[in-house]
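Colleague: Fold the following for me, if possible:
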Amino acid sequence: MAGSAKEAIVPDVRKLITALTEFNEGEENFDLCEKFALSNLWHHCFLSVDSHAVRRKVDGMVTKFEVHGHIETARKLRELVTTFLSGEVFHDHPQYDIQYSLLSLLLHLANNPTASAHHRQATHTAVKVPEEEEEDSFDWASYLREGDEKFVCVYDDSSSEEFSSDLDEPIDEEGTDLLAPEVINSVPFMNLEVEVQKISKEDIIHNLLEVYSAEKWLETNVMQPYWTSEEVHYNVSSRFPASNWAKLWDQYLIEQGHKDPQTIILSEYKVMREILWMFFTPTTSYLFREVNKKFTVKPDITISSLSKDTFALYLNHLCPYFTMIREFQNFGEELNYNREVANSTKYPPNTFIAYWTVLKEFLKDFNSLIIQIEVKVKKQDETYTLLQLTNELEPKLHELSSMYCIHTRAVYDWKTSPNWLSASCLLSALYGEFVDSSSSKWTAIMLKLFLKSFEVYLDIISAWLTHGHLQDCREEFVISRDCGELQESQEERYIVQPYETMLLKAGIKPLPILQVIVSKLLHASESMDLLMKMGRLTETRGCLYEELIEHTEKDLCRFALKEDNHQDMGENTSSNVTDSSNLVNESDSFFTEIKEHLIRCGDDFLVTAFENYLPFKQVGQDVVQEDECINGLKEKEQQLYARLLQNSGHQILPVKQVLEANLLRLVEEKWKAACAMVKPIFQHEFNLSVHFKIIRGIFLMEAGDIMHEFYTSLFQQLQTCEASSFSLTILLESCVDQQYPEFSSRFSVVVDNNLRFATSVQEAISNIKLRYSVQWPLSLILNERSMEYYNTVFQFLLKIKWALFSLQKLRFSDLEQRENKLRPLNKRVMDRMHRLHCLRFWLLHSVSSVHGYLMGQALHLLSSELEQTIEQAQDLDALVKAHDVYIQAVYEHCLQSDDSQIIRNSVLKMIWVALRLCEVWEAGAVFLLEARLKELEELYSKCYVFLAVVLSNWVDNDTKSHLIDLSAAFDTSRLPKHYPSTFTIN
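Modeller: Predicted coordinates for the structure are as follows:
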């Protein structure tokens, strides 16, 4: 890509040379101009313009015009430059010192301005010298050159050679014609011969010596463009043969019959400059080339003291670092390119951009070192070899290599991978390297990389907990919105991306603190959405990242204080304990007095002056914290990184523990502060506790006085087949209106169409459901799923109520009156009646035991637990979870769960026996067959024994510990003798 860009500008450069110089291609001057222009375009650094240097050039130009006699031109030039520099258009211009850049361009484009001034003056002047004065013999050249040896100036409008030629060449006749008569008449003739006689032979020899020394200086200090020459040979004059080892080796190869190697020999100075240029901008150069995105040393190039193979082997260990820097630069260019392209379909994650910001600072420090070394090499004030260069770069190259290893491991290809995966991989890898780092310097670098990269996540979290919006435009956060279709009553749901699984597959340990933060954010997400929709979200001030930096630095500072105290105590254990404690107290009191004085003064410069004399902990912990002048984010970051860098080997700071503890604490404080209004809103504005109480009273029949009237009327309507949704709703509203008139309209009864096909009240109950209407946001807690649970428990309790109601309705007198009307009672009938009485008693005992367990122990205790949990809840998620746990416990304790199915079926079977007994009771004992009565007794006995055995086993094995009271009610030893007391469970 770089080669094609270079070749693309060659035609334009040639056109520019032809337009300016009128040289044609193929001429020697044209080739020289082309080499000069391309060399400047390809290899010039194009540094910023120095305004002082431009002013000096302008002053030199003005002086030059004055020397040549163009006084008016010099004055006009000075006025125009002053007006141009003070123009208003440059005051608020985004590019700094652009006026000096334009002025420098004009100065470089100027071509012999003195000659142009001569020509302009000749065309505009109307004064001509008379013909007789043209033959004047006055030596104007000597006069005008008077005092030239006194001026030592450098003029940049043209080369020094051009300027010297302008001074040296005599003025022709045409030039004399341009002089005004006033100037001619004012010339003093008497001093001319004296001034000419001042030029002596010694002065000429002195000038020649200066010219010779200047030429020698140029030869030794100006680098020739060797990269444009085909053959470069560097000769070394030394009395040591090893200094020309490259030539000796080539001669040996030729003597051995090998082909002439044609080795290019460069000076060690040029090689070092090439290496430094490659570190600054890795690209194909005269010494290195790029093959398959990797740099290698070009063949047949060496220095005079090494063979080409040895030279290539020595420099090849630097080539991987060129590739590393090139990849770093390409990484940054890709990020910047996609940020600038408006139609780009994929944008890089902001986490990568923050990571590149710190990485760019690391490369900037590396480039600063390269520039310092290059300045040292260019001066050539002392001997500086290639070996010294590599030794000086070795520590920084080691850091560069370590950084590159982390970069390749942490950076995913964000163009093909999801941004959330790329960001989480980067953070996890950086955090793992930070935890595993052993040196304080590397720990500080890794911590800075991680915190700057994690700042994007912290900003997303802070904005979510502050404004209630998940602002993730780049989709790099591991929590995202669920894009599924939601109903109006449903809240916006969030999903967690499977970053942990994918990172583990890649061999990277997921960021541990991120897992905890994600769970807390999901815990608070519903509360944040609720408060945002209600417009009740209270914005909390403060930046999460800034607070994390500040608290982490404070904790590390306190820990360092403790470590220093422990170290001081350890060093003084060998001396007198009393004396050491006194010294410590005196030292602490001394530092305390100075600290208090600095705080009272409030002078930042005074604090800075005492930093070199007081311990860092005293200034950093007390003065800096309490001084409000030093509270910028950058200063806090510098204090934190300085704490790690100043940490010596005897201190081991728990940076990981302090960072995680502060981060989790700050996140928890944020969402607690944001969600603090949720519970008061539900409790005081929406009366959540009252709604819970009413639902328990109706659905779970805790309000016995209200529900007794309802279900007795319900049973009557079911028996007479008069039940309907309208009639039952009116009945329920009238019952609820007695105690809760404000909530009666919320209840309704839904009767299924299958009710008309029901053959019994027991079957009809399964087709009746209650409905309790609530508005948002109560519907978030009392949702449809929980209402289904309530209805299931309600139907089960209603069946038990019906069985108990039917058994309690049976009267002994009713049975005796029916029998007396038919015929006198015999012994067999009396025995059947007794057995019916016993069966009714045992059924009443069993059904009442189940009813008492459900209404007493289960529902009452669970309601008390619900009230306690609601009091402890702090946000919407906790409220929803508390209610879900309660309704799930009610569902399980009321034998509606799948694992309690066998108990529930046995209870329903016992209820069926009770209802069959009521049918037999109404028919009378005379018409009751012995087999039918025995079948009912055996069926009840089986249910009773089954329940007793199963409940006992569950209680003994702690499977269902809440059934211990119900298990105690079923005791097989209490059954009558004619009831079977054993039962085999297959």
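
Colleague: what about the residue nearest to residue 740 when sequence neighbours are not counted, how many residues close to it?
Modeller: Closest residue to residue 740 apart from its sequence neighbours, by Cβ to Cβ, 6 or more residues apart in numbering: residue 694 at 5.6 Å. Where you see a C-beta, it was placed from the backbone N, CA and C, and this is true even at glycine. Neighbourhood size, residue 694 [other Cβ atoms under 10 Å]: 23.

Colleague: For residue 694, give its distance to residue 81.
Modeller: Using Cβ to Cβ, to the nearest Å, residue 694 is found at 90 Å from residue 81.

Colleague: what does residue 8 give?
Modeller: Distance of residue 8 to residue 81, given as Cβ to Cβ: 36 Å.

Colleague: quick check, residue 404 in a strand?
Modeller: No - in this structure, residue 404 is helix, not part of a strand, as judged by DSSP: H, G, I helix; E, B strand; the rest coil.

Colleague: so what's the spatially closest residue to it that is not a sequence neighbour up against?
Modeller: Among residues not flanking residue 404 along the chain, residue 324 sits closest, at 4.3 Å (Cβ to Cβ, 6+ apart). If a contact means Cβ atoms under 8 Å, 6 or more residues apart in numbering, then residue 324 has 400, 401, 404 as its contacts.

Colleague: Could you identify the helix or strand that succeeds the helix or strand harbouring the residue nearest to residue 740?
Modeller: When elements are defined using DSSP states H and E, residue 694 is found to belong to helix 688-699. As assigned by DSSP H and E, the chain's next helix or strand after helix 688-699 is helix 704-719.

Colleague: orientation of that following helix relative to helix 688-699 in degrees?
Modeller: Angle between the axes of helix 704-719 and helix 688-699 is 40 degrees (criterion: axes from the mean of the first three to the mean of the last three Cα atoms, to 10 degrees).

Colleague: Quick one: mean pLDDT for helix 704-719?
Modeller: The pLDDT scores in helix 704-719 average 82.

Colleague: which element follows that helix toward the C-terminus?
Modeller: Immediately after helix 704-719, counting by DSSP H and E, sits helix 725-736.

Colleague: Buried residues in the lengthiest helix in the chain, which are they?
Modeller: Using DSSP state H to define each element, the chain has its longest helix at helix 350-379. By neighbour count on 16 or more other Cβ atoms under 10 Å, the buried set for helix 350-379 is 350-356, 358-359, 362-363, 366, 370, 373-374, 377.

Colleague: Tell me how many other residues surround the residue nearest to residue 521 when sequence neighbours are not counted.
Modeller: Of all residues not flanking residue 521 in the chain, residue 479 sits nearest, at 6.2 Å (Cβ to Cβ, 6+ apart). Residues contacting residue 479 under the criterion other Cβ under 10 Å number 19.

Colleague: ok, what's across the strand from residue 479?
Modeller: Counting by DSSP bridges, residue 479 forms beta bridges with residue 496.

Colleague: where along the stretch 851-986 of the chain do the helices fall?
Modeller: For the stretch 851-986 of the chain, helices defined by DSSP state H, counting those that start in this stretch occupy the ranges 859-872, 876-893, 901-923, 930-956, 964-969.

Colleague: Let's have those helices in TSV, adding distance to residue 768, mean neighbour count and mean pLDDT.
Modeller: Shown next, in TSV, are those (distance: least, Cβ to Cβ, whole Å; neighbours: other Cβ atoms under 10 Å; pLDDT from 0 to 100):
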stretch	distance to residue 768	mean neighbour count	mean pLDDT
helix 859-872	20	15	81
helix 876-893	18	19	85
helix 901-923	16	18	81
helix 930-956	25	18	80
helix 964-969	26	18	77
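
Colleague: Figure out which of those is closest to residue 23.
Modeller: Ranking the helices of the stretch 851-986 of the chain by proximity to residue 23 (Cβ to Cβ) places helix 876-893 first, at 81.5 Å.

Colleague: and the angle for that closest one with helix 859-872?
Modeller: Between the axes of helix 876-893 and helix 859-872, defined by the same axes, to 10 degrees, the angle is 170 degrees.

Colleague: ok now helix 876-893, how far from the chain's centre?
Modeller: The chain centroid and the centroid of helix 876-893 are separated by 36 Å under Cα atoms, centre = their mean, to the nearest Å.

Colleague: for residue 304, phi and psi?
Modeller: Per-residue torsions, residue 304: phi -70, psi -30 (degrees, to the nearest 10).

Colleague: Go ahead and confirm it touches residue 245.
Modeller: Yes - counting by Cβ atoms under 8 Å, residue 245 is a contact partner of residue 304 at 7.1 Å.

Colleague: coming back round to it: neighbour-wise, which of residue 8 and residue 81 wins?
Modeller: Legend: neighbour count by other Cβ under 10 Å for residue 8 and residue 81, higher for residue 81 (19 against 9).

Colleague: The more buried one: what's it in contact with?
Modeller: Contact partners of residue 81, counting by Cβ under 8 Å, 6+ apart, are 58, 103.

Colleague: Which residue ranges of this structure form strands?
Modeller: 264-266, 288-291, 294-297, 301-303, 479-481, 494-496, 747-751, 768-772 (DSSP state E).

Colleague: Tell me which of the ones you listed is the most buried.
Modeller: Per residue and on average, the most neighbours among the strands of the chain fall to strand 301-303, with a mean of 24 (mean count of other Cβ atoms under 10 Å).

Colleague: Check the average confidence over it, would you?
Modeller: Mean pLDDT, strand 301-303: 85.

Colleague: Kindly report the same for stretch 94-104.
Modeller: The average pLDDT for stretch 94-104 rounds to 82.

Colleague: same check, this time on stretch 459-471
Modeller: Across stretch 459-471, pLDDT averages out at 82.

Colleague: again, but for stretch 66-77
Modeller: Rounded mean pLDDT across stretch 66-77 is 86.

Colleague: Walk me through the domains of the protein.
Modeller: 1-43, 51-89+97-110, 232-354+364-411, 416-483+491-558+641-685, 686-809, 831-864+898-985 (the TED database).

Colleague: Can you check what pLDDT the model gives the nearest residue to residue 710 once chain neighbours are set aside?
Modeller: Distance criterion Cβ to Cβ, 6+ apart; nearest residue to residue 710, sequence neighbours excluded, is residue 735 at 4.6 Å. With respect to pLDDT, residue 735 scores 87.

Colleague: For residue 735, which residues are in contact?
Modeller: Shown in contact with residue 735 (Cβ under 8 Å, 6+ apart): 706, 707, 709, 710.

Colleague: Ok, residue 54 next?
Modeller: Contacts for residue 54 (Cβ under 8 Å, 6+ apart) come out as 100, 103, 104, 107.

Colleague: before we move on, what about residue 707?
Modeller: 697, 698, 701, 735.
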